[in-house]
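In: Need coordinates for the below:
(chains A and B, ligands or ions: 1)
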Amino acid sequence: MTPFKELTSVAAPVEGADINTDIIFPARFLLLPEKKGLGEQLFHEKRVNAPSNQPFVLDYAPYNTARIMVAGRNFGCGSSREQAVWALADFGIRCVIAPSFGEIFYNNCFKNGVLPLVETGERYAELLAAASAAEPITIDLLGERLVLVSGKVLPVQVDPFRRAALLAGLDEIGSILATDHADIEAFEQSQRHSEPWLYLGPEKLACFADLQDEVVVD
Amino acid sequence: MTDAERSSRTMYDKVWARHVVKTYDDGTSLLYVDRHLVQEVSSPQAFAGLRDAGRTLRRPDAHVAVADHAVSTKVRGAVSLGSGLAAKQVARLADNAERFGIPYVPTFDRRHGIVHVIGPELGFTLPGAVLVCGDSHTCTHGAFGALAFGIGASECESVFATQTLRQAKQKRLRVWLDGALPPGLQVKDVILAVIAAIGAGGGTGYAMEFAGSLIPTLSMEQRMTMCNMAIEAGSRVAMIAPDATTFAYLKNRPLAPKGAEWGAAVAHWTGLASDADAVFDREAHIDVAALTPIVSWGTSPEECGPVTGLVPDPAVEPEPSRRARMQRSLDYMALTPGMPLAGIAIDRVFIGSCTNGRIEDLRSAAAVVAGRHVAESVRAIVVPGSASVRLMAEAEGLDQVFQAAGFEWRHAGCSLCVAMNDDRLLAGERCASTSNRNFEGRQGVGARTHLMSPAMAAAAAVTGHLCDVRTIEASA
Ligand code: SF4
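Out: Purely as a prediction, here's the structure:
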């Protein structure tokens, strides 16, 4: 994962509450096998259906190179598809600011070096105004602050573990395997004893003995 | 153990506490995962990540793989999946499962179906287990008292490699459902009422528990419909305390505990219910007896109301962003404020999905359809949630009822719930659907979805428009 320390960019305002992950990344593109290149399908319907005199915000300068997005309430609700975040990241978005987020989307962001920031009230209004005016916003994750073009500083708080992971571009799985391996083993040993039915031994798995191979005709 | 942990715990607290491997300095926990359902959409990148990092899969016995989203429900056997990409996605899942040694249920197998339907059928879903899947409707399994939640593909990879997830504990929300279901109403109406009451984001950050006098009267199928849609209110987790109904459902399922283990398991499961004095962060109440059948009119599941009502008027909404949101929904749905909901003409009907593709759902729809015919302008399909549901329905003759009425009778899969297989609505088509999401484009580009119960969808099919199923039943 690419480390995230500081970034300055205009922020694209994407208005509307409850923008779900089906809108961010339509289902039919979920058949695409790679993470790379998904930025092309980001907000696909919104972009292709936009009237020619009023293109979607990510399709005109300066927002077509925005690294930050300011979105509405409950952004990323709905489906768990991580493709929504992959598409944002592939497009170049590294930070999404919104009054609230769908929870699975919020978690998915951190796994992909994208910082979701919850901002409400006046601060949100100020950030949205900066976005609409195409004024660059600086996100200083190391210093835990946002800086507006006016020089105004807005302190932010990011969960320390997640902040550290973003700063270092950390591989979470690697760190669990490295530091928590013994604890996981110990947990399993004790759980095998207390709730043995959670472990499917050969007897139970024998019910799958007659599973056959998939027959796929293209 | 602190005092707060020893007594007065919610069901969520209890299952959570039993799965904490360790707690980090920042208060988050490493949570052990007992069960992982693997499907074709969220797993390819997770398997690829595992391979690229040269990692192994920690516990092959904790996973079951099945393809549901991309598969065709029109044909089975040596399946042609219609689109090259869909076929590849399914084949890739089968390959990955084989490579990493986890069971893969092929599409033509008698155990095939939507992950959230077959998990319980197999007895893979158990009370007190932590169960995850790269799919937001994993909350369905909370109907059994499992702590079940949807995760992203990166988290799937973590479960493959470590059998754990780093998680922050959620707050607790209890939703009281009191009163009996009035005639003509189904639990789908109840959960839509819950979502309308607390909002599409109202449950975000909360593990939801359903309680109240309605719950003990519900079958497992009904409980699954309830829990399935908690995510539409923003809650990743929904739970219902396991009871005799739960145990009766699970007994003798292939992967459920057997013999002496069964007794020990039931004893353990019985203790999972929230303590009488458990404190929730929030409580909500729904008077079930006062409900009328509900349909959605907008593009978020919270945008729904009694079928006896009118399309709402954004002009009366004082809050500007909400007003704009409503207007956008009505524009997309091509509805005018003040129109009666009952009477809106439809083109398509979809009965199925992990919300309402179980045997009781099919029975309730068949009861409305029997002796009637699908309206001439309407194309209607029934898609059982699993092969086993399909077989049960056929044994009861429900396939005959549906087909005689002009419905197509399909194989199991997600079908029209999500526009990523060979079932799609055309732009502008309007569908009465028993699925869980009326999002823009969910059933196809430009498609318009109205969510409702199976009985209501059946009533819409035979009349050709949204209608109050109670008026139909009265005339039968
Ligand atoms: S039926 Fe619909 S909601 Fe359920 S798993 Fe399939 S696509 Fe998702």
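In: all strands for the stretch 201-350 of chain B, in order.
Out: All strands of the stretch 201-350 of chain B, identified by DSSP state E, counting those that start in this stretch, fall at B:206-211, B:237-239, B:282-287, B:294-296, B:304-306, B:348-351.
In: Which element, helix or strand, includes the closest residue to A:Tyr63 other than its chain neighbours?
Out: Nearest residue to A:Tyr63, sequence neighbours excluded (CB to CB, 6 or more residues apart in numbering or on different chains): A:Ala12, at 4.1 Å. Heads up, the C-betas are built off the backbone N, CA and C, glycines and all. Using DSSP states H and E, A:Ala12 sits within strand A:11-14.
In: quick revisit: and the pLDDT for the residue nearest to A:Tyr63?
Out: Model confidence at A:Ala12, given as pLDDT, is 98.
In: Name the residues that touch the strand holding A:Ala12?
Out: A:43, A:57-58, A:63, A:66, A:68-72, A:93, A:97, A:127-128, A:130-132, A:137 (CB atoms under 8 Å, 6 or more residues apart in numbering or on different chains).
In: Neighbouring strands of it in the sheet, and parallel or not?
Out: strand A:68-71 (parallel) (DSSP bridges).
In: Mind giving me the packing neighbours of whichever helix or strand comes after the strand it pairs with?
Out: Once the chain leaves strand A:68-71, the next helix or strand it forms, by DSSP H and E, is helix A:83-91. When contacts are defined as 3 or more CB pairs under 8 Å, 6 or more residues apart in numbering or on different chains; DSSP states H and E, helix A:83-91 packs onto helix A:21-24, helix A:103-111.
In: go again using 10 Å as the cut-off
Out: helix A:21-24, strand A:95-98, helix A:103-111, helix B:153-162 (3 or more CB pairs under 10 Å, 6 or more residues apart in numbering or on different chains; DSSP states H and E).
In: Now do the longest one and helix A:83-91, the angle between them.
Out: Okay, so that is helix B:153-162. Counting by axes from the mean of the first three to the mean of the last three CA atoms, to 10 degrees, helix B:153-162 lies at 110 degrees to helix A:83-91.
In: pLDDT at the closest residue to the ligand within chain A, what is it?
Out: Closest contact between chain A and the ligand, by CB to the nearest ligand atom, is at A:Ser79 (7.2 Å). If you check A:Ser79, the pLDDT there is 94.
In: Leaving aside the residues adjacent along the chain, what's closest to A:Gly102?
Out: A:Cys77 is the one closest to A:Gly102 (CB to CB, 6+ apart), at 3.5 Å.
In: Going along the chain, name the helices of the stretch 151-300 of chain B.
Out: B:153-162, B:187-198, B:220-228, B:244-250, B:259-270 (DSSP state H, counting those that start in this stretch).
In: typo on my end, chain A
Out: With helices called from DSSP state H, chain A shows them at A:21-24, A:44-48, A:83-91, A:103-111, A:121-132, A:160-168, A:172-179, A:181-194, A:202-205.
In: who in chain A is up against the ligand?
Out: Residues of chain A lying near the ligand by CB under 6 Å from any ligand atom: none.
In: Domain-wise, how is chain A divided?
Out: A:6-158, A:172-214 (automatic domain parsing).
In: Return the most buried member of those domains.
Out: domain A:6-158 (a mean of 20; mean count of other CB atoms under 10 Å in any protein chain shown).
In: what stretches of the chain score poorly on pLDDT?
Out: Let's take chain A. Counting by pLDDT under 70, chain A contains low-confidence residues at A:216-218.
In: Sorry, I should have been clearer: chain B.
Out: In chain B (pLDDT under 70), the answer is B:1-7, B:77-83, B:473-476.
In: Can you give me the separation between B:Arg55 and B:Phe47?
Out: The spacing between B:Arg55 and B:Phe47, counted by CB to CB, to the nearest Å, is 11 Å.
In: got the buried residues for stretch B:395-405?
Out: Within stretch B:395-405, the residues that qualify as buried are B:398-399, B:401-402, B:405, counting by 16 or more other CB atoms under 10 Å in any protein chain shown.
In: I'd like the residues you listed as CSV, with secondary structure and distance to B:Ala278 appended.
Out: Listed next are the buried residues of stretch B:395-405 as CSV, based on DSSP: H, G, I helix; E, B strand; the rest coil; distance: CB to CB, whole Å:
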residue, secondary structure, distance to B:Ala278
B:Leu398, helix, 41
B:Asp399, helix, 45
B:Val401, helix, 45
B:Phe402, helix, 44
B:Ala405, coil, 47
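In: ok, and of those, which contact chain A?
Out: Among the buried residues of stretch B:395-405, no residue is within reach of chain A (CB under 10 Å from any CB of the partner chain).
In: contacting residues for the nearest residue to B:Arg325 once chain neighbours are set aside?
Out: Leaving out its chain neighbours, the residue that sits closest to B:Arg325 by CB to CB, 6+ apart is A:Ala17, at 4.9 Å. A:Ala17 makes contact with A:71-75, A:77, A:98-100, B:200-201, B:300, B:321-322, B:324-325, B:328, according to CB atoms under 10 Å, 6 or more residues apart in numbering or on different chains.
In: cutoff 8 Å now
Out: A:72-74, B:321-322, B:325.
In: which of B:Arg55 and B:Phe47 has more neighbours?
Out: B:Phe47 (23 against 16; other CB atoms under 10 Å in any protein chain shown).
In: quick one: the more buried one is in a strand?
Out: No. Applying DSSP: H, G, I helix; E, B strand; the rest coil, one finds B:Phe47 to be helix, outside a strand.
In: sorry, back to before: any residues in contact with both of B:Arg55 and B:Phe47?
Out: Common neighbours of B:Arg55 and B:Phe47 (CB under 8 Å, 6+ apart) are B:Phe160.
In: among the helices of the stretch 151-300 of chain B, which is nearest A:Glu119?
Out: Ranking the helices of the stretch 151-300 of chain B by proximity to A:Glu119 (CB to CB) places helix B:187-198 first, at 22.8 Å.
In: Is the closest one positioned near chain A?
Out: No. Helix B:187-198 lies apart from chain A when judged by CB under 8 Å from any CB of the partner chain; the minimum separation is 11.6 Å.
In: Let me see the residues that make contact with that helix.
Out: B:175, B:177, B:181, B:214, B:218, B:222-223, B:225-226, B:228-230, B:232-233, B:284, B:286, B:288, B:291-294, B:296, B:301-305, B:355-356, B:434, B:451-454, B:456.
In: Once you drop chain neighbours, what's closest to B:Pro103?
Out: Per CB to CB, 6+ apart, closest to B:Pro103 is A:Phe208, 4.4 Å.
In: typo on my end, A:Ala71
Out: A:Ala71 sits nearest to A:Ala98 (CB to CB, 6+ apart), 4.3 Å away.
In: bridging residues for the one you found?
Out: Under the criterion used (DSSP bridges), A:Ala98 bridges to A:Val118.
In: And for B:Ile294?
Out: Here B:Ile294, judged by DSSP bridges, has bridge partners B:Pro306.
In: What's the local residue count around it?
Out: Neighbours of B:Ile294 (other CB under 10 Å): 26.
In: List the contacts of it.
Out: With CB under 8 Å, 6+ apart, B:Ile294 has these contacts: B:188-189, B:192-193, B:196, B:304-307, B:452-453.
In: change it to 6 Å
Out: Taking CB atoms under 6 Å, 6 or more residues apart in numbering or on different chains, we find B:Ile294 in contact with B:189, B:192, B:304.
In: Check A:Asp90 too.
Out: Going by CB under 6 Å, 6+ apart, A:Asp90 touches A:38-39.
In: try 7 Å this time
Out: Each residue near A:Asp90 by CB atoms under 7 Å, 6 or more residues apart in numbering or on different chains is listed here: A:36-39.
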